[in-house]
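Asks: pasting the sequence and the predicted model now:
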Amino acid sequence: MDVFAGGVGDSDKVFDDLTSVIDETLGNPSASASLRHEVLQMAIILVCGISQLSPGAYFLRHDLFPSIVATITSPDTGQFTFEAVLLLALLANFHKSDAAKMNPYLGRIHDANDEALMRKICWAANYAASAVVKSYQSIVDDSPPTLTAAFGSFLSALRPDRALSAKPIDTSRELFKNQPIEACVFLLPLFEFLQGSPAFRNVFAETLAQGDEQKPPIHITPLPLTLLSLSSYLLSHASSSSSSRSIAYASLALNTLLVISESDILLNALRPVTHEALRLCRQRDPSLPPFEPPLSPLCALMDCCILWFRHNLHKKFEVQCYIMCIKTCYRILWSLQKEHVRLEYHWQELWRALILLLDFLANKLDSLTTSGGIEQLAQETLLLVDFALCRSEHLLPTPATVHELVYEVVRSAEAFRKQRGLLDKLANPHSNASQKRLSGGQPRAQQALQNIIALAEQYETKLRDAGVRSANQGLRTVAKDIEKDGLTYGADLHGTEDPA
């Protein structure tokens, strides 16, 4: 305040005048587009510099929403939509957690119902997201494998700087250390509008149907699919460079995917199969099977979660990001069984990723650097596996996929037994109060673990008695037993109400 106003005593007049000038210029159709653009850029720099400090309150006093909307919808300044909606998102985030009711921009976003405005924001977001995806793809071509691409990779491996290198090159760390590019900041306004605006969620969902109606030669990938493609790259490379910036964008992407999974409108829009091509990140091994239409975009959403599970198991462990990922998967599975939809998907990849996570937590707990939350993560992961087993016959598309789930649990019985020690070690006498919903007061996660281990040991005994010597024999034995006697599982801990 001393720098801008010359003293605290004059700060009210100076900052009130400043916000008034910004408002009047942005909303003035007679002002030149270049002047309005310069004022818009100045406002973004000022708001970013202020961050959460007290001068930001002056922007709450003076509502800039109408002038920002005018900048977006005006033909002369529509090209600056990206920056205008970014300014709006920055203003909406001023003291968002502790003063949500005092921030007028959150209410404005919620109440906005101008479809033309929403479509303009979707257009700008899609353009920015495509640019970020292309930036990743320009570094390493991860297009679906062909004979030509395989031959090119072989020749590339023979380059002297690689073939004669004394130690292997860490491709992810070196090549992707400056990713994502600046355009990725669009995720912030996209998250704010998806979370706060019912009208925007409707328009966002409608873009999927409009994408299927487009015809060559002009074709634009719908924003939801571009977002999933971008998320796959952010989540695959998030922690490979040890950059707080890449982790922050991955966290924002996961928050956005969680918001999508919490919206019935968006899940309903993503559930039907699409014939749109969708490229997910295949730049890190092991890669997932390619997304080959016709498939439901929900498959791509779960693939994004699997990519996070697989590629971010490091000593510096991002617990909250993993918790968001687990919650997203739980919401999707809950929605599928609620709507009686049996999704065709490579389910084994998801089960293996969840078991790998649990095994990692049990084996590496003492060496992890975290901000807390391991106990919650372990509990929610166990509840997710328990839910899949408990509702498997209403969730999975074929008996074979049920057999594969049970066999994955049986072959990983030791990993689940380790969870007893993990939960005991992490146990906090006050942390499970919210989970004690069943008679006896035992935490749901502990009951879920009992259910899982009981199932695993039941089939372990049967496989041992049958003298099974290979994975194929084991899977056939499990399948034969389930087909004969059905799947007997423990108590259903999940009720009928939508998860909070």
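Replies: Received the coordinates, thanks. Numbering: from 1, shown residues only.

Asks: wait, G490 sits on I453?
Replies: No - judged on C-beta atoms under 8 Å, G490 makes no contact with I453 at a distance of 9.6 Å. For glycine as for every other residue, the C-beta is placed from the backbone atoms N, C-alpha and C.

Asks: tell me which element the nearest residue to W351 once chain neighbours are set aside falls in.
Replies: The shortest distance from W351 to any residue other than its chain neighbours is 4.4 Å, reached at E408 (C-beta to C-beta, 6 or more residues apart in numbering). Element membership of E408 [criterion: DSSP states H and E] is helix 399-411.

Asks: average pLDDT across that helix?
Replies: Mean pLDDT, helix 399-411: 94.

Asks: which strands or helices does the following helix or strand past that helix pack on?
Replies: Helices and strands here follow DSSP H and E; after helix 399-411, the next one along the chain is helix 413-426. Judged by 3 or more C-beta pairs under 8 Å, 6 or more residues apart in numbering; DSSP states H and E, helix 413-426 is in contact with helix 347-364, helix 374-390, helix 444-465.

Asks: how about these, which one is nearest L278?
Replies: helix 347-364 (16.5 Å; C-beta to C-beta).

Asks: and the closest one, what's buried?
Replies: For helix 347-364, burial by neighbour count (16 or more other C-beta atoms under 10 Å) applies to 347, 349-355, 357-362.

Asks: A209 and A124, how far apart?
Replies: The spacing between A209 and A124, counted by C-beta to C-beta, to the nearest Å, is 20 Å.

Asks: just H346 next, same as before
Replies: H346 is 34 Å from A124, where distance means C-beta to C-beta.

Asks: have a look at those two and say which one is more surrounded.
Replies: The residue with more neighbours, out of H346 and A124, is A124; 24 against 16, by other C-beta atoms under 10 Å.

Asks: once you drop chain neighbours, what's closest to that one?
Replies: T81 (4.2 Å).

Asks: thinking again about what came up before, and the buried residues of helix 347-364 as CSV, adding pLDDT and distance to L175?
Replies: Output for those, formatted as CSV (pLDDT from 0 to 100; distance: C-beta to C-beta, whole Å):
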residue, pLDDT, distance to L175
W347, 96, 32
E349, 96, 25
L350, 97, 28
W351, 97, 31
R352, 96, 27
A353, 96, 24
L354, 97, 29
I355, 97, 30
L357, 96, 26
L358, 96, 31
D359, 95, 29
F360, 94, 26
L361, 94, 30
A362, 93, 33
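
Asks: looking at those, which two lie furthest apart in space?
Replies: Using C-beta to C-beta, these reach their maximum pairwise distance at W347 and A362, which is 23.0 Å.

Asks: sec struct for the residue nearest to V69 when sequence neighbours are not counted, please.
Replies: Spatial nearest neighbour of V69, excluding adjacent residues (C-beta to C-beta, 6+ apart): L117 at 6.0 Å. Going by DSSP: H, G, I helix; E, B strand; the rest coil, the secondary structure assigned to L117 is helix.

Asks: ok, L117 - contacts?
Replies: By C-beta atoms under 8 Å, 6 or more residues apart in numbering, the contact set of L117 is V69, I72, T73.

Asks: which element, helix or strand, includes the residue minimising distance to the centre of the chain?
Replies: The centroid of the chain falls nearest to L254 when counting by C-alpha atoms, centre = their mean (2.6 Å). Assessed by DSSP H and E, L254 sits inside helix 244-261.

Asks: buried stuff in that helix?
Replies: Quick answer for helix 244-261 (16+ other C-beta under 10 Å): 246-247, 249-261.

Asks: likewise stretch 414-425?
Replies: Using 16+ other C-beta under 10 Å as the test for burial, stretch 414-425 gives A415, F416, K418, Q419, L422, L423.

Asks: got it, and stretch 325-340?
Replies: Neighbour count says stretch 325-340 has 325-337 buried, by 16+ other C-beta under 10 Å.

Asks: which one is H95 nearest to, not counting chain neighbours?
Replies: Nearest residue to H95, sequence neighbours excluded (C-beta to C-beta, 6+ apart): Q52, at 6.2 Å.

Asks: what about the one you found, neighbour count?
Replies: Residues near Q52, counting by other C-beta under 10 Å: 11.

Asks: helix, strand or coil: sort out it for me.
Replies: Per three-state DSSP, Q52 ends up coil.

Asks: what of the one 5 residues further on?
Replies: What three-state DSSP gives for A57 is helix.

Asks: got a pLDDT number for it?
Replies: 81.

Asks: for P104, see how far away the nearest residue to it once chain neighbours are set aside is.
Replies: In this structure, A57 finds its nearest non-sequential neighbour in F94, 7.7 Å apart by C-beta to C-beta, 6+ apart. According to C-beta to C-beta, F94 and P104 sit 10 Å apart.

Asks: now do the shared contacts for these two.
Replies: Here F94 and P104 have L60 as joint contacts, going by C-beta under 8 Å, 6+ apart.
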